[in-house]
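Colleague: starting from these lines, generate the structure:
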Amino acid sequence: MVSAWPEPVVRVQSLSDSGIDSIPDSYVKPIYDRPLHMDISSNSNQPDNIPVIDLANLYSHDLTLRKTTMDLISDACRHWGFFQLINHGVSYHLMAEVRRVWREFFHLPLEKKQEYANSPATYEGYGSRLGVEKGAKLDWSDYFFLHFLPVSIRNESKWPQSCRELVSEYNEAVLKLCGKLMKIFSLNLGLEEENAFGGEQVVGASLRVNLYPKCPQPDLTLGISPHSDPGGITVLLPDHHVSGLQVRKDNAWLTVKPIPNAFIINLADQLEVVSNGQYKSVEHRVIVNSNQDRLSLAFFYNPRGDILIRPLLTDNEPPLYDQPMTFNDYRTFIRLNGLHGKSQVQSLKSPR
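Modeller: Take a look at the predicted model:
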């Protein structure tokens with residue numbers, strides 16, 4: 001693993017706060033990657049948001065409502081790869097408080113944040129880029145990344161002291177939610193009511209807190225480049241005051257409209273592999289704006305890093321993904337090469 005960044009790291013928040021009226025060339029995306037306002041939410045032939053699932057309906061005494069909800073989740077996983085989850089059981093107060101402490105962190109003096117500066121060896125800490133290609137086009141965002149599971153690699157001394165207690169409580173709550181979702185997904189796929197990654201004792205989990213500073217030329221750059229997430233499930237706590245997440249749907253970009261106190265759930269590459277392509281990890285990106293900073297928290301629920309991930313076949317289907325890879329190797333490839341759409345998960349398929 002590369003232990004140092006190829007160039008001096010520039011903090012995007014510092015660029016934004018400096019009052020520049022044009023962005024450095026290193027953040028200007030190629031024309032084909034710039035946001036072109038391809039927003040299908042204004043198209044009357046398309047839905048105006050990703051599906052919304054009420055998790056409380058799964059615990060209703062009404063068996064028909066429970067069955068309908070399971071079907072809605074299955075449809076969202078097969079045709080969207082994204083949905084918003086309401087009545088999910090995580091405390092709204094906890095969600096608000098964890099947002100607050102991270103906003104406070106990003107508004108600390110730069111020298112205080114630099115004490116947590118990360119490296120490409122683990123990505124843990126305060127960062128501003130992904131990939132180690134020299135001269136790469138960068139995203140307009142800063143972040144803080146931390147490991148939560150397995151416990152053997154968790155190091156809370158690397159977390160900002162003001163955040164530690166709340167972050168641990170928040171991660172535990174979201175981890176429980178992910179366990180519930182994996183059981184639902186497994187049942188809908190016709191698997192036993194077990195975690196499709198082998199059980200709750202072997203999963204990995206991490207948290208990435210994203211800050212997207214206001215940008216003087218938002219039409220030239222992106223907060224995060226198009227990609228699908230590498231792991232199993234991503235639980236996103238968005239900034240419901242300002243939209244930024246876009247999901248690729250029918251070869252166009254849908255801007256997601258966050259619902260207050262909802263999570264945005266998206267399926268990631270390893271779940272697509274495990275389901276043999278029945279569930280989809282979907283390409284998404286983040287746009288920025290010239291008026292407001294935006295903060296989001298992405299909780300990643302992943303397979304254990306050292307086991308080969310392969311399709312769990314049902315009904316004697318042929319495996320579509322027949323180049324198994326450990327999650328550690330898969331994630332390392334992305335950390336070294338950056339984000340490139342869905343090219344990585346497609347590489348696990350043999351030519352037909």
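Colleague: the protein: helices as residue ranges?
Modeller: Here the chain has its helices, by DSSP state H, at 12-17, 63-79, 92-106, 110-114, 164-188, 269-274, 327-337, 343-346.
Colleague: which among those is found nearest to residue 36?
Modeller: helix 343-346 (20.9 Å; CB to CB). Every C-beta, even on glycine, is put in place using the N, C-alpha and C of the backbone.
Colleague: and that closest one, what's its mean pLDDT?
Modeller: In this model, helix 343-346 has an average pLDDT of 63.
Colleague: next up, the contacts around residue 127.
Modeller: By CB atoms under 8 Å, 6 or more residues apart in numbering, the contact set of residue 127 is 9, 117, 118, 142, 143, 144, 145.
Colleague: swap in residue 49?
Modeller: Contacts of residue 49 (CB under 8 Å, 6+ apart): 41, 84, 254, 256, 257.
Colleague: ok, and the most crowded of those?
Modeller: Neighbour tally across the contacts of residue 49 (other CB atoms under 10 Å): the maximum, 24 neighbours, falls on residue 254.
Colleague: distance check, that residue against residue 203.
Modeller: As defined by CB to CB, to the nearest Å, residue 254 lies at a distance of 30 Å from residue 203.
Colleague: surely residue 258 meets residue 238?
Modeller: Yes. Between residue 258 and residue 238 there is a contact at 4.3 Å, judged by CB atoms under 8 Å.
Colleague: what touches both of the two?
Modeller: By CB under 8 Å, 6+ apart, the residues touching both residue 258 and residue 238 are 245, 264.
Colleague: settle it for me: which of those two has more neighbours?
Modeller: Per other CB under 10 Å, whichever of residue 258 and residue 238 has more neighbours is residue 238, with 26 against 21.
Colleague: what about the strands in this protein?
Modeller: 52-54, 82-86, 125-127, 142-149, 204-212, 224-227, 233-237, 245-249, 252-255, 263-267, 284-286, 294-302, 308-309, 325-326 (DSSP state E).
Colleague: which residues does the closest residue to residue 236 other than its chain neighbours bridge with?
Modeller: Counting by CB to CB, 6 or more residues apart in numbering, the nearest residue to residue 236 once its immediate chain neighbours are dropped is residue 264, at 4.1 Å. Taking DSSP bridges as the rule, residue 264 bridges to residue 84, residue 236.
Colleague: where does the stretch 51-200 of the chain dip in pLDDT?
Modeller: 192-200 (pLDDT under 70).
Colleague: measure residue 131 to residue 156 for me?
Modeller: 27 Å.
Colleague: returning to what we had before: how about the strands of the chain in TSV, adding distance to residue 160?
Modeller: Converted to TSV, the strands of the chain look like this (distance: least, CB to CB, whole Å):
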stretch	distance to residue 160
strand 52-54	33
strand 82-86	27
strand 125-127	9
strand 142-149	8
strand 204-212	10
strand 224-227	22
strand 233-237	17
strand 245-249	25
strand 252-255	31
strand 263-267	23
strand 284-286	23
strand 294-302	14
strand 308-309	32
strand 325-326	30
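Colleague: nearest to residue 14, out of these?
Modeller: Comparing those by CB to CB, strand 142-149 comes nearest, at 8.8 Å.
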